[in-house]
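J.: Return a 3D structure for these sequence lines:
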Amino acid sequence: MHEMRNRIPVTATELIAQSLKMDLTMDVTVDPNQTVSQAVKTLGLLSTDGVLPVVNGHLEDWDYFLKEGDELHLVQVISGG
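T.: Numbers count the residues shown, from 1 in each chain. All right, here's what the predicted structure looks like:
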């Protein structure tokens, strides 16, 4: 049986969106059981250093498996003192 692919809304902070040459908000097609890490690699994000994945308003691990209805937000880590 062929599994359906899911469309996941992805938003990103401005600097991440610029580096990926994407709009601040876009839909990404993901395969069933695809992780956050795998999904963002399809966007062209080569390194997750300095980026936090937030799924449905909660900080998640890069190994979180995306499912239909999830919303992913990529947040740049900012530090200073």
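J.: for the chain, where's the lowest mean pLDDT among helices and strands?
T.: Within the chain, no helix or strand scores below strand 25-30, which has a mean of 76 by mean pLDDT, DSSP states H and E.
J.: so after that one, what's the next helix or strand?
T.: helix 36-43 (DSSP states H and E).
J.: what angle do whichever helix or strand comes after that following helix and helix 36-43 make?
T.: Next along the chain after helix 36-43, taking DSSP H and E as the criterion, comes strand 51-55. Between strand 51-55 and helix 36-43, the angle comes out at 110 degrees (axes from the mean of the first three to the mean of the last three CA atoms, to 10 degrees).
J.: Please renumber the chain so that the first residue is 531 from this point on.
T.: Fine by me, first position is 531 from now on; the one you just mentioned is strand 581-585.
J.: pull the CA atoms of strand 581-585 into PDB?
T.: C-alpha atoms of strand 581-585 as PDB (Å, rounded to 0.1, in the frame of the first residue of the first chain):
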ATOM      1  CA  VAL A 581      18.700  26.500  15.200                       C
ATOM      2  CA  LEU A 582      15.900  25.100  17.500                       C
ATOM      3  CA  PRO A 583      12.900  23.100  16.100                       C
ATOM      4  CA  VAL A 584       9.600  24.100  17.700                       C
ATOM      5  CA  VAL A 585       6.700  21.800  16.800                       C
END
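J.: chain center to the helix or strand following it, what's the gap?
T.: Counting by DSSP H and E, the next helix or strand C-terminal to strand 581-585 is strand 588-589. In this view, strand 588-589 has its centroid 12 Å away from the chain centroid, taken as CA atoms, centre = their mean, to the nearest Å.
J.: now swap in stretch 567-587 and tell me
T.: Remark: stretch 567-587 is offset 4 Å from the chain centroid, using CA atoms, centre = their mean.
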